[in-house]
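Q: Build me a structure from this.
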Amino acid sequence: MNPIWIITGKEVRDSLRNRWVLAASILLAALALSLGFLGSTPTGSVKVDPLTVTVVSLSSLSIFLIPLIAMLLAYDALIGEIERGTMALLLSYPIARWQILAGKFIGHLIILTMATTAGYGFAGIALQLAGDGIDVSAWAPFAMLIAASVVLGAAFLAMGYLISAKVKERGTAAGIAIGVWLFFVVIFDMALLGVLVADAQQNITAPVVETVLLFNPADIYRLLNLTGYENTAMYAGMAGLSEQISLSVPVLLTAQALWVVVPLLLAAWIFKKRQI
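A: Got it, this is the predicted structure:
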């Protein structure tokens, strides 16, 4: 059997044994159900499907939760094994370092995908059953939300692996991971907003802002969910923006994919050169 899949299977089994999937699924389902039922009043008055309200709400709040779950999974994936001495034992077998990294990353991505799909999927079904029944047409933006959440998580998994490959202690990895999480989900947008407010001469044009947004996977995620479909864009108050923005869905998806590939390649390169 391919060494990558052996390591992948081990990571999945360990996470299932530690109830990572169950805990994350319950947390995500509770978040989605809370937001869905709390938004039941406006959906009743304007005849909007509960899933549409949930997509709009989750597009903002998932930015905080999904990256945090991903970072918790990945920050000690490599440095933890090195500190425990199991990495040296693993490398004594005929297996390349990139295979170890790939197997662990795929395993954690499977865990994140299972938790996100199960948590949000259960919540989506429950919300529609509690309303007017299953409406297949309303699932397109919700499915986009789930898929975009997985890719967002993959981006932060890759950054977590980059941190884990570079640092020398687990404590340092945890601190940097929290710092990176805070930067992308809080500080980046606050700093950008501050710059735009201070730009009294309006020298910063819309194309420049769009380009800057591509440097934050959380902003790409928000744009994908809030401007990708007419119903969600209208309910989120971004219908006008979705017509004016020049960033198409393929461009946003490509940018988000680069946020997965580039940090992961850097992590593989650093891990390859590291002395164990």
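
Q: give me the low-pLDDT residue ranges for the protein?
A: 1, 36-54, 131-138, 227-246 (pLDDT under 70).

Q: again, only using 50
A: Per-residue confidence for the chain (pLDDT under 50) gives these ranges: 41-46, 230-242.

Q: what sits against the residue sitting furthest away from the middle of it?
A: In the chain, counting by C-alpha atoms, centre = their mean, residue 201 sits farthest out from the average C-alpha position, at 35.4 Å. Counting by C-beta atoms under 8 Å, 6 or more residues apart in numbering, residue 201 touches no other residue. (C-beta placed from N, C-alpha, C; glycine too.)

Q: now do the one 10 residues further on
A: Listed by C-beta under 8 Å, 6+ apart, the contact set of residue 211 is empty.

Q: roughly how far apart are it and residue 257?
A: 17 Å (C-beta to C-beta, to the nearest Å).

Q: Name the nearest residue to residue 122, ignoring sequence neighbours.
A: residue 29 (5.1 Å; C-beta to C-beta, 6 or more residues apart in numbering).

Q: what about the one you found, which SS state?
A: helix (DSSP: H, G, I helix; E, B strand; the rest coil).

Q: Name the nearest residue to residue 213, ignoring sequence neighbours.
A: Looking at residue 213 with C-beta to C-beta, 6+ apart, the closest residue is residue 219, at 4.3 Å.

Q: right, I mislabeled it, should have said residue 118
A: Leaving aside its sequence neighbours, residue 118 sits nearest to residue 25 (C-beta to C-beta, 6+ apart; 4.3 Å).

Q: Would you mind listing the buried residues in the helix or strand harbouring that neighbour?
A: For residue 25, the host element (DSSP states H and E) is helix 20-38. Along helix 20-38, these residues count as buried under the neighbour rule (16 or more other C-beta atoms under 10 Å): 20-21, 24-25, 28-29, 31-33, 35-37.
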